[in-house]
Each structure stands twice: as C-alpha cells, then as structure tokens.
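Colleague: Give me coordinates for this.
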Amino acid sequence: MLTLSFSLAFSVALTLALSTVFPREARGQTEDEKTVTAIFSERLTTGEMYYLLEDLSKNIGPRLSGSEGAERAVAWAKEVMEGYGFDRVYLQEVMVPHWERGEPEQVRIVNVNEGMIELNALAIGGSVPTEPVGLTAPVVVVHSLEEVEELGREAVEGKIVFYNRRFDQTVISTGPGYGGAVDQRTAGPSQAARFGAVGVVIRSAGSDFGDAPHTGGLRYLEDVERIPAAALGYQSADRLERALEEQPEAMLYMRLDSKWHPDALSYNVIGEIRGRERPDEIILVGGHLDSWDVSEGAHDDGAGVVHSIGVLRTFQKLGIRPRHTIRAVLFMNEENGLRGGLKYAEVAKETGENHLIALESDAGGFSPRGFGVSADDDVIERFRSWLPLFPQNTISYINMGGGGADIGPLRRETGTPTIGFNPDSQRAFDYHHAPTDVFEAVNRRELELGGASIATLIYLIDKYGLRDDMAQ
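Modeller: Next comes the predicted model:
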C-alpha cells in the first residue's frame, strides 16, 4: 500500500511538473485552442489596438454628437478601416442632437462666514443655461426624488435643489451603485421643477472620492419648465453639504452657458469582413464613437471602438476566414440621444438584414471578466461550454441577460440575440463621464485582453453557430 501510494503521488507530482514545464500548446492543442492562443498572442504582443486608442484619444479627443470632434472621429474611423483593407467600409447617415457646453461653468457658495467657496461643477448634458448674469438662490437638500414631492412646493419653490444621495459603496459590482444614484441626474431636474425649483445641483454619480465632476444626460419632461442643472465633484458636494449644515441660509450661485443647436448630420461608421459561406448572416460587434465633451472618452467608449475594429483586424491578420459576415459598427450619439442605434435598427428592419447575434462593448477597457447574453437558454448553455477555451483570469462566466444601449433597438425591432461585454467594473465609474477618462487611464494589457476575449467569442460563434444545426 505504501509503495502504491508513493507511486501514485509521484505520478501526480510528475504530471503537474510537466504541465508547468511544458505549456498546453507543447502538449498538443485542439484547433480551437491553437486559434484562441493565437488571438490572445496577437493582441498582447502587438498592442495595435492600444495605439489606435491613443490616436483616437489624443488626436481626435472629445467627440460629442454634432461637434467638430465627432465629425473628425467619423472621418478617422472610416480612414482607419479603409486603411486596413476590410471588405467593405461605409457610412450610415443619421441626424443627431447638437448641444454645446459653452463657457466654463461657475458654481459657488455665497454669503457664508468663509466668504465665497468655489465648487467644481459641470453642466449636466442637455441642460438649459442660466441667464447670462447667473442665478443665486437658497438651497434645499434632498436625497431622493420622492423627498422633493414630500417637501412640496412650499419648501422647494424659488430654490436650488441639491440632490445629495451618494453612490452606494457597499455593492461589489459597481453597476448597481451607479444605477442607484443616476436618477438624480436624469430625472431630478424635472422633478424639482415640478415644485417650483429654479435650478438643480447633484452629487455626481461616480464611485471616486476626488473632485472631478461627472456629467451625463438628463431627460426633461415636456410639460414641465426646463431649469438649469449641474453635477458637482464629490469633494465639492461635501463642501456644500458642510456649509449648509453650518449655515442653512447659505446661498448658491450658478452660471451655465450651454446652448442647443438644430440637429446635425452625422454617421454610423461600419466595416465588414464578408462571410465565405453565409455572407447574408451578420455577426455584429460594436461600440459608440461619440463621447462626452469633457474628456477624451478613452474608456467610454474609445475602448469599445477599438475592441470592435480589433475583431476584424485580428481575423484579418491571423487569416481567419469567417463563415458569416463579421460587421463592426461604430455607433454615433449613444451618449445623448441613441440616434445611431435607433437608425441602425430601423435600416436593418427595413432592408430585412439577418443578424445572427450582436455584441456591444461599452463598459470600458478594463480586465475581461464575462459576458451577459440575452438569448434562449440553449444558446447560453452552448456559450458556457466554451468557457474552458478562454485563458485563466479572463472570461469566467456567461450570464443570462445582456446587451447594450446601441444594440438594444436591434433586439427590440428584429429579435436579434444580444451580448454585453463585462470587464472588471471597480474603476469604471471613477472615470465615467468625467474629465479623468483619458488615454493614460487605460492599461494596455487589460484593453488587449478584453479585445482578445471578444474576438474569441466571435470566432466561436462564427464557427459553431448558436445551435448544433448551424455548426460547421
């Protein structure tokens, strides 16, 4: 028994040692394992998409819909994909909203013992301006939209409402933390206006503790007066909170110079590698080309742009000839209107295009963790069977339910299954819609690992289809 146990232990130890010394590829890989290894090696060694992101971030920069930056981004994306020699590159017209921030915002606490206290603020995207001389008013602090209604017109009328609910730091995945705070930005201004408020400031919907404000969109109600609204940096919100605790009669001055212009002509930018067997069946991978005007939009969504281009480029460089048409779509106007996604779905439905599935990357260039899939149970189980092909510390789960803002209309209009790429979320809302979302905040390996993970899933879907009757 001792001899047998020793032999067994020695055999196990030897196997483990050999596994360490001789990597899997030296011990014999399947065709899929070899292809996946090649995909990851290509992305990690060349860093091509990382440097493409640098070009977009630094040489194009902010690209809010309707702006010169957005116009230059369209030309840039088309030139890049044409330069790679993809089978087809074209523009899809779409009319987009055009809002401009104008002169830098001014928000300060006035008539307090310390004198004026300057606050870091950004107008919420789409906000109306104040009068040119600005607006000065008392402040009422609330922590929810419901609290505004509970206070009523008597407490709110003629005041600036300060929405002071914090990002929930107890959540592990930060998405719910953002979801639990963002209603203050999107719906807070109209709710305050319903009860006579003259302006709104919010504690930014971000997970960081610095003083960079986070902008984003709002939704004015049609039958409610539009009032100016701004987001404060975390530390500025703390300063306002303390000032009001010490002197409830303190007042706030705000001056916003924003302006709405007529809708502008813009474009979705589309590139394809044509399928060799089923060219009329499309596998879509996309991100949005526009960004907010206050940053380079490196994570949101420059990462998704280069992830999408990178799938086609990786297939091209590795000589992977897809069975289906692989289409990269760089959507315009995700941030403040979703016009690009809506137009794409409209055209796809009108022309009867057949999309096998659509994947969106719009959660940043962080380390890959998993995918969320909106599809039938058997499709999700099929995808889960491929998890062992992904390298350790990359994709570890396939969850039910996923997609993205830009591919959502396609799913609603045509029933196309959708996939959302889920990278690590811990830093995503530190940078989200803030001036800190710059190229330097992106790690090369994390970005390329995400791109390789997306390319791997697209490769497997293309090869095996969504069900057995679609496999090669």
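Colleague: what about the helices in the stretch 151-300 of the chain?
Modeller: 174-179, 183-186, 188-194, 234-246 (DSSP state H, counting those that start in this stretch).
Colleague: Among those helices, which comes closest to residue 285?
Modeller: Minimum separation from residue 285 across these (C-beta to C-beta) falls at helix 174-179, 21.1 Å. For glycine as for every other residue, the C-beta is placed from the backbone atoms N, C-alpha and C.
Colleague: for that closest one, what is the average pLDDT?
Modeller: Taken as a whole, helix 174-179 carries a mean pLDDT of 96.
Colleague: Next up, the contacts around residue 178.
Modeller: 167, 205, 207, 429, 432 (C-beta atoms under 8 Å, 6 or more residues apart in numbering).
Colleague: 7 Å instead?
Modeller: 167, 205, 429 (C-beta atoms under 7 Å, 6 or more residues apart in numbering).
Colleague: and the gap between it and residue 408?
Modeller: Distance of residue 178 to residue 408, given as C-beta to C-beta, to the nearest Å: 17 Å.
Colleague: returning to what we had before: want to try TSV for the contacts of residue 178, with neighbour count, pLDDT and distance to residue 65 as columns?
Modeller: Output for these, formatted as TSV (neighbours: other C-beta atoms under 10 Å; pLDDT from 0 to 100; distance: C-beta to C-beta, whole Å):
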residue	neighbour count	pLDDT	distance to residue 65
167	21	97	26
205	26	98	21
429	23	98	22
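Colleague: quick one: strands adjacent to whichever strand in the chain runs longest?
Modeller: When the chain is parsed with DSSP state E, its longest strand is strand 259-273. Here strand 259-273 has these sheet partners by DSSP bridges: strand 88-100 (antiparallel), strand 324-331 (antiparallel).
Colleague: all strands for the stretch 101-250 of the chain, in order.
Modeller: 106-110, 117-119, 121-123, 135-142, 160-163, 199-203, 229-232 (DSSP state E, counting those that start in this stretch).
Colleague: returning to that earlier point: next, the buried residues of the longest strand of the chain.
Modeller: Across strand 259-273, burial judged by 16 or more other C-beta atoms under 10 Å covers 264, 266-273.
Colleague: May I have the secondary structure class of residue 463?
Modeller: helix (DSSP: H, G, I helix; E, B strand; the rest coil).
Colleague: ugh, wrong one, residue 421
Modeller: From three-state DSSP, the assignment for residue 421 is strand.
Colleague: Leaving out chain neighbours, which residue sits closest to it?
Modeller: residue 361 (4.4 Å; C-beta to C-beta, 6 or more residues apart in numbering).
Colleague: residue contacts, the one you found?
Modeller: Applying C-beta under 7 Å, 6+ apart, the residues contacting residue 361 are 287, 303-304, 307-308, 421, 454.
Colleague: Same question for residue 196.
Modeller: For residue 196, the contact set (C-beta under 7 Å, 6+ apart) comprises 153, 156-158.
Colleague: ok, so of the residues you listed, who is nearest residue 88?
Modeller: Once C-beta to C-beta is applied, the member of the contacts of residue 196 that ends up nearest residue 88 is residue 156, at 55.3 Å.
Colleague: For the nearest residue to that closest one once chain neighbours are set aside, grab the count of nearby residues.
Modeller: In space, and not counting its chain neighbours, residue 156 is closest to residue 195: 4.1 Å by C-beta to C-beta, 6+ apart. Using other C-beta atoms under 10 Å, residue 195 is surrounded by 19 other residues.
Colleague: What distance do you get for residue 119 to residue 307?
Modeller: For residue 119 relative to residue 307 (C-beta to C-beta), the value is 36 Å.
Colleague: rewinding a little: so which of the strands paired with strand 259-273 is nearest residue 318?
Modeller: It's strand 324-331; of these, that one is closest to residue 318 (C-beta to C-beta) at 12.7 Å.
Colleague: how would you label the most centrally placed residue in the chain: helix, strand or coil?
Modeller: With distances taken as C-alpha atoms, centre = their mean, the residue of the chain nearest its centroid is residue 362 (3.0 Å). Secondary structure, three-state DSSP: residue 362 is coil.
Colleague: if you average pLDDT over stretch 450-465, what comes out?
Modeller: In the prediction, stretch 450-465 has an average pLDDT of 99.
Colleague: Pull the distance from that stretch to the chain's centre.
Modeller: Centroid separation for stretch 450-465 versus its chain: 20 Å, with C-alpha atoms, centre = their mean, to the nearest Å.
Colleague: Hmm, residue 250 is touching residue 114, no?
Modeller: No. Using C-beta atoms under 7 Å, residue 250 is not in contact with residue 114, being 10.0 Å away.
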